[in-house]
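[1] here is a sequence with its predicted model. Questions after.
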Amino acid sequence: MTRTRSPILALGLLLSTACTGAAAQEDGCVMTQGDRTWLKGALDNWQVSARRDLGIDPDPLPDVVTLDDRCLYIMPAGRFDRMVGTPHEGRPSLPDGRELPLGPVSFATGSATDYFVMSLPSVWRAANVQSGLGVEGLMDGVLLHEIMHTRQGGLAGPLLDRLGRANGVSEDDLNDDMVQNRFGDDAAYRAAYERERDLLFAAAAAPSDAEARRIGRDALAAMRDRRARFFTGKRRFYRAFDDIFLTMEGMGQWLAYRHYMSARGGSLDAETALREVRRDGSQWSQDEGLALMLLVDRLLPNWQTRAFRDPQWRAEALLAAATGVRR
């Protein structure tokens, strides 16, 4: 997830205009049938995954902003019949003026008026994006990840904004890679992170629940030790950001993983689904977060009622509850 916090008043005004009538297109801005078919199917996937895996009502859909090589399309509440298409002439930008790269892009806002942005499959194919799932299959998981973030915004968004302002974190730096960006070049920190991540994946894959809990407790101890060692003094505020982003990114990756093992996602076996979701594992919050949520899902029934609805139930608290350790 790339989190943005820029003002979106202009977007809101354009969306309200779109809501006054049928779909409006300018200068031949018509989404290709292939892109349209994918987007419709991907949004339908959310309808299924939200109910089945998160236990929430998938509606209303967030506002959807998407683009191809010619046009930017805005869909209020995901409505195809209210789509507004405008040409971008190779320089796509949101109505608030922020430019987007003409290439693969996907992110959700963290504001009170949530929407998400994702370029269409024709753009990803033109950039030669590769995946064992195929481009559309990969994008199915990415869309589920990002659309879920729009549901988390009401809980996490205000907290992230408050923490950012209190600790002098710029808007550009406030994103899910912020801990990795700050500590990634520290060899001792990297070693601590990798040990913790590997323990979580080992716990999630353990042959018995008892073994999963035992290894999970080691992982929790490693997490607490890492934070106590590196998040001290003026860097103490990273503890909260680390906990928030591990939770948000982990849940997003877990939702994609669950989708890929479902009939709609190709009925992949667990090993293949895990490999495809992890890809190269280069984004730390996503990779460790996935491992943590796999373990939580295994050991803590109905965790969704806590993690999705109560901002206090974040990564460390969920892991402690799952492994039977006092918070």
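    Nice, I can see it.

[2] now the helices for the stretch 201-327 of the chain?
    209-230, 238-261, 270-278, 284-299, 304-307, 315-323 (DSSP state H, counting those that start in this stretch).

[3] what's the longest one packed up against?
    In terms of contact count using 3 or more C-beta pairs under 8 Å, 6 or more residues apart in numbering; DSSP states H and E, helix 238-261 is assigned the packing partners helix 33-49, helix 135-166, helix 178-183, helix 209-230, helix 270-278, helix 284-299, helix 315-323. C-beta coordinates here come from the backbone N, C-alpha and C atoms, glycine included.

[4] residue contacts, the closest residue to residue 133 other than its chain neighbours?
    The shortest distance from residue 133 to any residue that is not its chain neighbour, by C-beta to C-beta, 6 or more residues apart in numbering, is 5.3 Å, and that residue is residue 276. Each residue near residue 276 by C-beta atoms under 8 Å, 6 or more residues apart in numbering is listed here: 131-133, 138, 141, 260, 268.

[5] now for this structure, the helix or strand with the poorest mean pLDDT.
    helix 9-18 (a mean of 39; mean pLDDT, DSSP states H and E).

[6] point out where the chain drops to low pLDDT.
    Filtered on pLDDT under 70, the chain yields the residue ranges 1-27, 110-113, 153-155.

[7] looking at the helices of the stretch 201-327 of the chain, which one is packed in the most?
    helix 284-299 (a mean of 26; mean count of other C-beta atoms under 10 Å).

[8] how much distance is there from that one to the middle of the chain?
    Taking the mean C-alpha point of helix 284-299 and that of its whole chain, the gap between them comes to 13 Å (C-alpha atoms, centre = their mean, to the nearest Å).

[9] same check, this time on stretch 262-269
    The chain centroid and the centroid of stretch 262-269 are separated by 20 Å, computed with C-alpha atoms, centre = their mean.

[10] what does that stretch rub up against?
    When contacts are defined by C-beta under 8 Å, 6+ apart, stretch 262-269 is touched by residues 45, 48-49, 52, 133, 137, 140-141, 259-261, 273, 276.

[11] before we move on, back to that, got a markdown table for the helices of the stretch 201-327 of the chain, with distance to residue 192 too?
    Formatted as a markdown table, the helices of the stretch 201-327 of the chain follow (distance: least, C-beta to C-beta, whole Å):
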| stretch | distance to residue 192 |
| --- | --- |
| helix 209-230 | 4 |
| helix 238-261 | 12 |
| helix 270-278 | 20 |
| helix 284-299 | 11 |
| helix 304-307 | 24 |
| helix 315-323 | 15 |
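
[12] closest to residue 93 out of these?
    Evaluated with C-beta to C-beta, the helices of the stretch 201-327 of the chain place helix 238-261 nearest to residue 93, the distance being 25.6 Å.

[13] now do the closest one against helix 315-323, angle only.
    Here helix 238-261 runs at an angle of 60 degrees relative to helix 315-323 (axes from the mean of the first three to the mean of the last three C-alpha atoms, to 10 degrees).

[14] now the angle from helix 238-261 to helix 284-299?
    Orientation check (the same axes, to 10 degrees): helix 238-261 against helix 284-299 gives 70 degrees.

[15] contacts for stretch 123-143 next, please.
    When contacts are taken as C-beta under 8 Å, 6+ apart, the neighbours of stretch 123-143 outside the stretch itself are 38, 41-43, 45-46, 67-69, 102-104, 106, 118, 121, 256-257, 259-260, 265-266, 272, 275-277, 279.

[16] quick one: buried residues of that stretch?
    By neighbour count, and taking 16 or more other C-beta atoms under 10 Å as the criterion, the buried residues in stretch 123-143 are 123-124, 133, 135-143.

[17] I'd say residue 293 and residue 252 touch.
    No - the pair residue 293 and residue 252 fails to qualify as a contact (C-beta atoms under 8 Å) at a distance of 9.1 Å.

[18] residue 146 and residue 115 touch, don't they?
    No - here residue 146 lies out of contact with residue 115, judged by C-beta under 8 Å, at a distance of 10.1 Å.

[19] list residues touching both of the two?
    Common neighbours of residue 146 and residue 115 (C-beta under 8 Å, 6+ apart) are residue 108.

[20] looking at these two, which is more packed in?
    residue 115 (26 against 20; other C-beta atoms under 10 Å).

[21] if I look at that one, how far off is residue 41?
    As judged by C-beta to C-beta, to the nearest Å, residue 115 and residue 41 stand 20 Å apart.
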